[in-house]
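Novice: What follows is a predicted structure for the sequence shown.
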Number of protein chains: 2
Amino acid sequence: MTLYGYWRSSASYRVRIGLALKGVKVKHVAVNLREGVQISEDHLSRNPQGFVPVLELEDGTRLTQSLAILDYLDHAYPTPSLLPQDPVTRAKIRAASLTIAADIAPIQNLSVLKYIRAEHDCGDTEVKAWAAHWIAKGFTALENIAQAYDTPFLMTDTPTLFECCLVPQAYNARRFGVDMDQFPKLKMIDSACQKRAEFQHAAPENQADAVTP
Amino acid sequence: MTLYGYWRSSASYRVRIGLALKGVKVKHVAVNLREGVQISEDHLSRNPQGFVPVLELEDGTRLTQSLAILDYLDHAYPTPSLLPQDPVTRAKIRAASLTIAADIAPIQNLSVLKYIRAEHDCGDTEVKAWAAHWIAKGFTALENIAQAYDTPFLMTDTPTLFECCLVPQAYNARRFGVDMDQFPKLKMIDSACQKRAEFQHAAPENQADAVTP
């Protein structure tokens, strides 16, 4: 299988974590978002949305949207499972994951930041404030939820779909200057993840296309 | 079960469609988003995000995030299924659903529109243009995908999770003045849905808390 992704894309990062947790090796192809390669004809033929990641299966089938890809991987490579078996806990893990993937991340996506820069005359300070606002808002709700559990990962003893989403979002939080000390439980979960080889393997700075500042 | 929702909330609308397709009856409690009831202490105790919908189960468990709720309902009430059995088609239906629920909807969510109005000095025209921009961008990609299939619904002969997402988003598209004629296949699927009693039952204007203009 081939994963078309970008080192700093949080959706690509999520899928890389899922693959690493399952021990599944894929070929990585970089789509340089800073250079606009995502809207090249080649990439649009892979994904008409012009987004990464795209997971290309052996038969050429292309899957998009990180959460749909992770669900597919959970079916194709069931062990370890990214979701608990109990339907209610499962729904709660999915909900917390969607709070990141469907509420925080899309609003501080590169295309939105570009738009507010161009159409709303936002400079660096306003762009950073925008991203930080939506991250802090979502993390405040998630911290409130996470506080109710004593487990090392959210509601569980092993990383799930939620940690696949949390770690890339915490990475973005730091990039945009959000103080993670406001979210002690989320910070603890993030740190527990960072200690694991699978998460280190998937980290942006360890990708072949990473650019050192 | 009790569904805390709002007539015009597209995430609430998605869950209402899912419940109607499955023939599951619930008690509906309106949370008036225009009056700010979503950030009342009562509602924040149901959902720290201050969002609707919230599905409260018989034992008091509260589930949030429309897609997580729909997944839970698909498990608890398996017939008719909201997702096809084939794992690849399943992943593609999930991806198309996420294109709406995780890429379009969050950016034209009420809280974002309020923020650009307050922080970016946007008036009615700019707010409408913002919403219309993101809807048209996402629908352009989805139309491209939908064109490849001859089925009455996306990739299938019966409505799925995707139609639970599409119909509320098409409703919003019309509200924000997006011309659906640009998206003939999506428009056709939306019309096929609108003819069904389940979708009519779930429609905003048929809810007890609907406000006629």
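Specialist: Cool, the structure landed. Residues are numbered from 1 along each chain as shown, chains lettered A, B, ... in the order given.

Novice: Helix, strand or coil: sort out the residue lying farthest from the centre of chain A for me.
Specialist: What lies farthest from the middle of chain A is A:D121; by Cα atoms, centre = their mean that is 27.9 Å. Put simply, A:D121 is coil when judged by DSSP: H, G, I helix; E, B strand; the rest coil.

Novice: what's the top helix by length along chain A packed up against?
Specialist: Secondary structure of chain A read by DSSP state H shows that its longest helix is helix A:124-146. Identification of packing neighbours for helix A:124-146 by 3 or more Cβ pairs under 8 Å, 6 or more residues apart in numbering or on different chains; DSSP states H and E yields helix A:110-119, helix A:161-175, helix A:184-194, helix B:110-119. Yep, even glycine has a C-beta here, placed from its N, CA and C like the rest.

Novice: between that helix and helix B:110-119, how many degrees?
Specialist: In terms of direction (axes from the mean of the first three to the mean of the last three Cα atoms, to 10 degrees), helix A:124-146 departs from helix B:110-119 by 140 degrees.

Novice: Next, the buried residues of stretch A:20-31.
Specialist: Residues of stretch A:20-31 classed as buried by neighbour count (16 or more other Cβ atoms under 10 Å in any protein chain shown): A:20-22, A:26, A:28-31.

Novice: Quote the end-to-end distance of it.
Specialist: Criterion Cα to Cα, to the nearest Å; first-to-last residue distance in stretch A:20-31 is 20 Å.

Novice: Need the contact partners of that stretch.
Specialist: For stretch A:20-31, the external contacting residues (Cβ atoms under 8 Å, 6 or more residues apart in numbering or on different chains) are A:1-7, A:19, A:37-38, A:43, A:52, A:55, A:73, A:77, A:79-80, A:82, A:159, A:164, A:197-199, A:201-202, A:207-209.

Novice: That one: how far from the chain's middle?
Specialist: From the chain centre to the centre of stretch A:20-31 is a distance of 14 Å (Cα atoms, centre = their mean, to the nearest Å).

Novice: how does chain A divide into domains?
Specialist: Domain assignment for chain A by automatic domain parsing gives A:2-80, A:87-199.

Novice: Make JSON lines out of those domains and add distance to B:R90 and mean pLDDT.
Specialist: Listed next are the domains of chain A as JSON lines, based on distance: least, Cβ to Cβ, whole Å; pLDDT from 0 to 100:
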{"stretch": "domain A:2-80", "distance to B:R90": "8", "mean pLDDT": "96"}
{"stretch": "domain A:87-199", "distance to B:R90": "15", "mean pLDDT": "96"}
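
Novice: Present the ones you listed as JSON lines; the columns should include distance to B:S97.
Specialist: Shown next, in JSON lines, are the domains of chain A (distance: least, Cβ to Cβ, whole Å):
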{"stretch": "domain A:2-80", "distance to B:S97": "8"}
{"stretch": "domain A:87-199", "distance to B:S97": "10"}
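
Novice: what's the residue farthest from the centre of chain A sitting at in phi/psi?
Specialist: Main-chain dihedrals, A:D121, degrees, to the nearest 10: phi 50, psi 40.

Novice: Of all the helices and strands packed on helix A:124-146, which one is nearest B:I135?
Specialist: Among the helices and strands packed on helix A:124-146, the nearest to B:I135 by Cβ to Cβ is helix B:110-119 (12.4 Å).

Novice: helices and strands around that closest one, which ones?
Specialist: On a contact count with 3+ Cβ pairs under 8 Å, 6+ apart, helix B:110-119 meets helix A:124-146, helix B:124-146.

Novice: CA atoms only for the first one, dumped as PDB, please.
Specialist: Output in PDB follows, covering the C-alpha atoms of helix A:124-146 (Å, rounded to 0.1, in the frame of the first residue of the first chain):
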ATOM      1  CA  ASP A 124       0.500  36.300  11.100                       C
ATOM      2  CA  THR A 125      -0.700  37.400  14.600                       C
ATOM      3  CA  GLU A 126      -4.400  37.100  13.700                       C
ATOM      4  CA  VAL A 127      -3.900  33.800  11.900                       C
ATOM      5  CA  LYS A 128      -2.100  32.400  14.900                       C
ATOM      6  CA  ALA A 129      -4.800  33.700  17.200                       C
ATOM      7  CA  TRP A 130      -7.500  32.100  15.000                       C
ATOM      8  CA  ALA A 131      -5.900  28.700  15.200                       C
ATOM      9  CA  ALA A 132      -5.100  29.000  18.900                       C
ATOM     10  CA  HIS A 133      -8.700  30.000  19.600                       C
ATOM     11  CA  TRP A 134     -10.300  26.900  18.000                       C
ATOM     12  CA  ILE A 135      -7.700  24.500  19.400                       C
ATOM     13  CA  ALA A 136      -8.100  25.900  23.000                       C
ATOM     14  CA  LYS A 137     -12.000  25.800  22.700                       C
ATOM     15  CA  GLY A 138     -12.000  22.100  21.600                       C
ATOM     16  CA  PHE A 139      -9.300  21.100  24.100                       C
ATOM     17  CA  THR A 140     -11.200  22.800  27.000                       C
ATOM     18  CA  ALA A 141     -14.200  20.500  26.300                       C
ATOM     19  CA  LEU A 142     -12.000  17.400  25.800                       C
ATOM     20  CA  GLU A 143     -10.000  18.100  29.100                       C
ATOM     21  CA  ASN A 144     -13.400  18.300  30.900                       C
ATOM     22  CA  ILE A 145     -14.300  14.900  29.500                       C
ATOM     23  CA  ALA A 146     -10.800  13.300  30.100                       C
END
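
Novice: Next, the angle helix A:184-194 makes with that helix.
Specialist: Using the same axes, to 10 degrees: helix A:124-146 against helix A:184-194 is 90 degrees.

Novice: now swap in the last one and tell me
Specialist: In this structure, helix B:124-146 runs at an angle of 30 degrees to helix A:184-194, with the same axes, to 10 degrees as the basis.
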